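Asks: attaching a predicted model along with its sequence, questions to come.
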2 protein chains.
Amino acid sequence: MASPRNIARLATRLASRRTPVPSTSTLRAPIKAKTTMFVRNGSTLPPRSTRFAEATETHLNALKSISSSTLSTLDSTASADELKTYNDDWMNKYHGKSQIVVKPKTTEEVSQIMKYCYENDLAVVPQGGNTGLVGGSNPVHDEIILNLSNLNQIRSFDEVSGVLVADGGVILETADHYLAEKGFIFPLDLGAKGSCHIGGNVSTNAGGLRLLRYGSLHGTVLGLEVVLPDGTIWNGLSGLRKDNTGFDLKQLFIGSEGTIGIITAISILCPRRPSAMNVAVFSLDSYEAVQKVFAEAKGHLGEILSAFEFFDKQSYALVKKHQEENGGERKVFETEGDFYCLIETGGSNAEHDEAKLTGLLEHLMENEMVLDGVLAQDSTQFQSLWSLRELVPESAGKAGSVYKYDVSVPVGKMYGLVEKMRAKLREGGILEGDGQKDGPIRAVAGYGHMGDGNLHINIVANKYTDEVEKIIEPYIYEIVAENEGSISAEHGLGVMKAPYIGYSKNDTSIDLMKKVKTLFDPKGLLNPYKYIV
Amino acid sequence: MASPRNIARLATRLASRRTPVPSTSTLRAPIKAKTTMFVRNGSTLPPRSTRFAEATETHLNALKSISSSTLSTLDSTASADELKTYNDDWMNKYHGKSQIVVKPKTTEEVSQIMKYCYENDLAVVPQGGNTGLVGGSNPVHDEIILNLSNLNQIRSFDEVSGVLVADGGVILETADHYLAEKGFIFPLDLGAKGSCHIGGNVSTNAGGLRLLRYGSLHGTVLGLEVVLPDGTIWNGLSGLRKDNTGFDLKQLFIGSEGTIGIITAISILCPRRPSAMNVAVFSLDSYEAVQKVFAEAKGHLGEILSAFEFFDKQSYALVKKHQEENGGERKVFETEGDFYCLIETGGSNAEHDEAKLTGLLEHLMENEMVLDGVLAQDSTQFQSLWSLRELVPESAGKAGSVYKYDVSVPVGKMYGLVEKMRAKLREGGILEGDGQKDGPIRAVAGYGHMGDGNLHINIVANKYTDEVEKIIEPYIYEIVAENEGSISAEHGLGVMKAPYIGYSKNDTSIDLMKKVKTLFDPKGLLNPYKYIV
């Protein structure tokens, strides 16, 4: 749509333009469930522990007496198919075999359920929106599923302080819409916002698209209400921004993936909603160019920079192909590049923001730092430009079976990991297009949150095979470890990455984590077989 | 200096003006040590525990063989007077009786010292800049003092990511100066910056003046290196912004006040330094007016609002008196008020910031929301306006013996606490000026960080007496608890508030905290008699 010269015209036009602030409900391409992913080889899962009791009708009746919203194949109140929604993950990659799903409506019910399960040695998996990528919210075997979707009330909002208190089962988008009406924003945004729960977001320490601007949940969450494994309700639901009276216990639950307690409510500090938002996407000829633009964006945009995302040409090719297949193709760039980056601003004064952005655009052009660029002129274009980045995972899923990795390393080293991975696959003779005509690896796409040093690598195969997996893993974890990176930047450990924690954490850390787990959950009943094993 | 009409002129002049960005070293009035404070009644301190060994010359020699920088009265390498610097706090309120101070130069030395003390049942108090207000960094009895001032090297800084890695004993101002040269800022600022250590800041979860803008240390600290009570070095010194691989252990150490480990290095995310800064101070006629201005400031200034402080006329009277006594008096406001507020902005574009500030000033004037206002025109005025707020604690100290409280409650209820406290003292017949001609209470001053709901109450008495203390405590904690507030917003528990944690934390919390303490420090050797007791 725009050559570099076009940017100049766009920049000039900016002064007289007001970008409408799109409602967030229209900004994001929703995650489509059931894209094809590889199914983890069952043989690698840990065996069922004999420490846990097997659920009986007696147990079921007790749970039904606590919560009327209990479904089970044991008494045929649900079919096995109905329970699949809870047993399986959205990628159809993880498959539990639970016979009981309990959906409590109050914290008190959650407490009584846990008390009963604790006394009867029943293992439990807490489940939010079930939108995770590492099998963290599905049973590994027959754990009772404690689904929080009925615990979904907003409890209070204070317009002076911006503090929202809400049940853990509130859907992220619901919370954000509620806040939008009051001129505030939830300080977290991610693709799954239409399905994921805020309690699940906190228990997995979700990062997402605007961490660059609003920081991590460790900073924005002010308090939690948690049901501990033995059913004790821990009320740590403070709405105070400052409170130095003892260990900050809530921090332990943030990112604990439901292994030491079930988050039933959160208290979170919500900033004012930006009254002006802009988004621009650029094509560039190298990863070095992306880094330079990132530095310039930070300098020119300062406090209004709200997202800086990047994706490579392989990612963009997947998105274009997916759009073509859905009749939505259209030419975006006059000059395409090996790399692309997306810059979003959010501020309180449209005129000032546009002046800052114009300054950046002019600088990038004058110095020939980009090949081409497009700036959203209205909310439709805003959404359309964001979808170039946001459709990458879905497009990869449509193209084949995807090995997905989510890592963080220093920004300068991020793309080197993608190149090393390609070299490794090429060396193994399985990367399509390098002498190898027909797969098994069709594409290696790299994209992610540049501002956070968070890289996503999607390896698209024609099908899942042990041969391919052995070439990728643990090699990918090794190259992350060499760069002192994290093998899970934001998706967590769950069942998928639990065996690999040693690549990111030393023995002292793992030993302390095991002690913390035992301290809170001596019977190991909560979300077993995962996280720290 | 400026009537409301003056503000109009100032606002007009803003467009052609550039406020020089003052170097931070000149912004703050340094804390003056040894102001008169009340001395805590020794009888209320916990007795020495017989679990701990008494230090002998054998112990001393072993410690000297680990660290050559060891001072002791046992072998006369130091006089009792020399050890007072370490045994006493800066307010001369807490007085330890330690005979040994060890000042290790490396993490390895800290580790060996702790290993030795652990094996020999020697209690240890870690000490940073010794600038705290609750006796957290001084021995209660004869604990060995492990002072970190020799562990003071900056280890690395990455200009791409803004991640600073530095020893725990680096002085906050030193770190900030280092960052200033590179165009970055330490995301924490407080009055004691010239003396306090960044390791101490993290271990006490310091809040300070710009938490409103940069958030809490729980969000900005990326990693820690900690020596555990048994001498194990825990290397959690990650520089990654995102890392979801297990419990976020570092969070437990942030705000743990040296009770479960000694922070020997930190990794912290530092933002770009604002290239433009402004400060304005207003007089107002009521606390309600302050709250309204706060709401307007948030609306008009958005992302550039970096501090919003308030103080009452009693606080201002103390500062004026102190300035008069030091020959520094001058008339600031044409119209004084019952309340004052200070607004600071920090942004990346001076012109835009001034336009936003002008918009706010015009709005406040047109709607007669303030009585008077003053805007800094240069860095000297910037410092001078900040000192109106920052000199409050020092001025209170000069006026008498000060009972200091640091609490947080919802913003709307903050000043109600000060009024309740005055009513209580009046009722007790001890508040000067209410029929009571000559003390014992000379003033009750309220001030603090409005943006964080953090109120400081300074009660100035002619001297410390049990009678006065009994009227204040536990009443003040009771009224904080009634408002679901915190009895320590930012100063921590230390030895002063340890007995009162129950006013802010429930039994479940305290029970969990005790378990965490025992998990990390089973012998209870680290910073005993404090925090969680």
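Replies: All right, it came through fine.

Asks: burial count for the nearest residue to A:Gly219 once chain neighbours are set aside?
Replies: Excluding the flanking residues, the one nearest A:Gly219 by C-beta to C-beta, 6 or more residues apart in numbering or on different chains is B:Gly219, at 2.2 Å. For the C-beta atoms, the positions are set from N, CA and C on the backbone; glycine is no exception. Residues lying near B:Gly219 (other C-beta atoms under 10 Å in any protein chain shown) number 20.

Asks: show me what contacts B:Gly219?
Replies: Going by C-beta atoms under 8 Å, 6 or more residues apart in numbering or on different chains, B:Gly219 touches A:215-216, A:218-220.

Asks: how about A:Pro474?
Replies: A:Pro474 neighbours (C-beta under 8 Å, 6+ apart): A:500, A:503.

Asks: for it, what are phi and psi?
Replies: Dihedral pair for A:Pro474: phi -90, psi 10, per degrees, to the nearest 10.

Asks: could you check how far it is from chain B?
Replies: 14 Å (C-beta to the nearest C-beta, to the nearest Å).

Asks: pLDDT score for that residue?
Replies: pLDDT recorded at A:Pro474 is 91.

Asks: where's the one residue in chain A that gets nearest to chain B, which helix or strand?
Replies: Here chain A gets closest to chain B at one residue, A:Gly219, 2.2 Å apart by C-beta to the nearest C-beta. Using DSSP states H and E, A:Gly219 sits in helix A:217-220.

Asks: show the average pLDDT along that helix.
Replies: So the average pLDDT for helix A:217-220 ends up being 97.

Asks: again with stretch A:293-311
Replies: Rounded mean pLDDT across stretch A:293-311 is 95.

Asks: so does that stretch get close to chain B?
Replies: Yes: counting by C-beta under 8 Å from any C-beta of the partner chain, chain B has neighbours in stretch A:293-311: A:295, A:298-304.

Asks: got the CA positions of that stretch in CSV?
Replies: Output of stretch A:293-311 as CSV, limited to C-alpha atoms (Å, rounded to 0.1, in the frame of the first residue of the first chain):
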residue,chain,number,x,y,z
VAL,A,293,14.4,0.6,14.1
PHE,A,294,13.6,-0.7,17.6
ALA,A,295,16.3,1.6,19.0
GLU,A,296,14.9,4.6,17.0
ALA,A,297,11.3,3.8,18.0
LYS,A,298,12.3,3.8,21.7
GLY,A,299,14.1,7.1,21.2
HIS,A,300,11.4,8.9,19.2
LEU,A,301,8.3,7.5,20.8
GLY,A,302,9.5,7.3,24.4
GLU,A,303,6.6,6.7,26.8
ILE,A,304,3.9,6.2,24.1
LEU,A,305,5.6,3.1,22.5
SER,A,306,3.1,0.3,23.5
ALA,A,307,4.2,-2.6,21.3
PHE,A,308,7.2,-3.6,19.1
GLU,A,309,6.7,-6.9,17.3
PHE,A,310,8.7,-8.5,14.6
PHE,A,311,8.2,-11.4,12.1
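
Asks: okay, now the unreliable bits of chain A?
Replies: Applying pLDDT under 70 to chain A picks out residues A:1-43, A:329, A:434-439.

Asks: name the residue most distant from the centre of it?
Replies: Distance to the chain centre peaks in chain A at A:Thr58, reaching 38.1 Å (criterion: C-alpha atoms, centre = their mean).

Asks: now it: how far from A:Pro528?
Replies: Distance of A:Thr58 to A:Pro528, given as C-beta to C-beta, to the nearest Å: 22 Å.

Asks: then A:Leu342?
Replies: Using C-beta to C-beta, we find A:Leu342 at a distance of 40 Å from A:Pro528.

Asks: over to A:Glu159?
Replies: The gap separating A:Glu159 from A:Pro528 is 42 Å, by C-beta to C-beta.

Asks: those two: who's more crowded?
Replies: A:Pro528 (24 against 10).

Asks: surely that one meets A:Val140?
Replies: Yes: with contact defined as C-beta atoms under 8 Å, A:Pro528 reaches A:Val140; the gap is 7.2 Å.

Asks: can you pull out the helices in the stretch 351-500 of chain A?
Replies: A:379-390, A:392-399, A:414-427, A:466-472, A:475-482 (DSSP state H, counting those that start in this stretch).

Asks: could you check the angle the first one makes with helix A:392-399?
Replies: What that stands for is helix A:379-390. Using axes from the mean of the first three to the mean of the last three C-alpha atoms, to 10 degrees, the direction of helix A:379-390 lies 60 degrees away from that of helix A:392-399.

Asks: where exactly do the helices run in the stretch 201-350 of chain A?
Replies: Per DSSP H, counting those that start in this stretch, the stretch 201-350 of chain A carries helices over the ranges A:211-214, A:217-220, A:250-253, A:287-301, A:313-325, A:350-366.

Asks: in the last one, which residues are buried?
Replies: Residues of helix A:350-366 classed as buried under the neighbour-count rule (16 or more other C-beta atoms under 10 Å in any protein chain shown) are A:350, A:352-361, A:364-365.

Asks: dump these to JSON lines, plus distance to B:Asp189.
Replies: As requested, the buried residues of helix A:350-366 are arranged in JSON lines below (distance: C-beta to C-beta, whole Å):
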{"residue": "A:Ala350", "distance to B:Asp189": "31"}
{"residue": "A:His352", "distance to B:Asp189": "25"}
{"residue": "A:Asp353", "distance to B:Asp189": "27"}
{"residue": "A:Glu354", "distance to B:Asp189": "31"}
{"residue": "A:Ala355", "distance to B:Asp189": "29"}
{"residue": "A:Lys356", "distance to B:Asp189": "25"}
{"residue": "A:Leu357", "distance to B:Asp189": "30"}
{"residue": "A:Thr358", "distance to B:Asp189": "32"}
{"residue": "A:Gly359", "distance to B:Asp189": "28"}
{"residue": "A:Leu360", "distance to B:Asp189": "29"}
{"residue": "A:Leu361", "distance to B:Asp189": "34"}
{"residue": "A:Leu364", "distance to B:Asp189": "33"}
{"residue": "A:Met365", "distance to B:Asp189": "38"}
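
Asks: check those residues against chain B, which are close?
Replies: A:352, A:355-356.

Asks: which one of the residues you listed sits closest to A:Ser286?
Replies: A:Lys356 (25.4 Å; C-beta to C-beta).

Asks: contact partners for that closest one?
Replies: Applying C-beta under 8 Å, 6+ apart to A:Lys356 gives the contacts A:300-302, A:304, A:345, B:348-349, B:352.

Asks: and if you look at A:Ile233?
Replies: Counted by C-beta under 8 Å, 6+ apart, A:Ile233 has contacts A:107-108, A:111, A:225-227, A:264, B:508.

Asks: redo the helices of the stretch 201-350 of chain A as TSV? Include distance to B:Ser67.
Replies: TSV is the format used below for the helices of the stretch 201-350 of chain A (distance: least, C-beta to C-beta, whole Å):
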stretch	distance to B:Ser67
helix A:211-214	41
helix A:217-220	34
helix A:250-253	32
helix A:287-301	42
helix A:313-325	54
helix A:350-366	52
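
Asks: thinking again about what came up before, out of the residues of stretch A:293-311 next to chain B, which one sits closest to A:Pro46?
Replies: A:Lys298 (44.1 Å).

Asks: for the closest one, grab the count of nearby residues.
Replies: 19.

Asks: stretch A:56-73: how far from the chain's middle?
Replies: Put simply, stretch A:56-73 sits 32 Å off its chain's centre (C-alpha atoms, centre = their mean, to the nearest Å).

Asks: can I get it in PDB, CA atoms only?
Replies: The C-alpha coordinates for stretch A:56-73 follow below in PDB (Å, rounded to 0.1, in the frame of the first residue of the first chain):
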ATOM      1  CA  THR A  56     -15.600 -43.500  42.600                       C
ATOM      2  CA  GLU A  57     -19.300 -42.800  42.600                       C
ATOM      3  CA  THR A  58     -19.000 -42.100  46.400                       C
ATOM      4  CA  HIS A  59     -16.500 -39.300  45.600                       C
ATOM      5  CA  LEU A  60     -18.700 -38.100  42.800                       C
ATOM      6  CA  ASN A  61     -21.800 -37.800  45.100                       C
ATOM      7  CA  ALA A  62     -19.800 -35.900  47.700                       C
ATOM      8  CA  LEU A  63     -18.600 -33.500  45.100                       C
ATOM      9  CA  LYS A  64     -22.100 -33.100  43.700                       C
ATOM     10  CA  SER A  65     -23.400 -32.300  47.100                       C
ATOM     11  CA  ILE A  66     -20.800 -29.400  47.200                       C
ATOM     12  CA  SER A  67     -21.300 -28.100  43.700                       C
ATOM     13  CA  SER A  68     -24.400 -28.800  41.600                       C
ATOM     14  CA  SER A  69     -22.500 -28.000  38.500                       C
ATOM     15  CA  THR A  70     -20.700 -31.300  38.400                       C
ATOM     16  CA  LEU A  71     -20.400 -33.500  35.200                       C
ATOM     17  CA  SER A  72     -19.300 -37.000  35.100                       C
ATOM     18  CA  THR A  73     -19.200 -40.100  33.000                       C
END
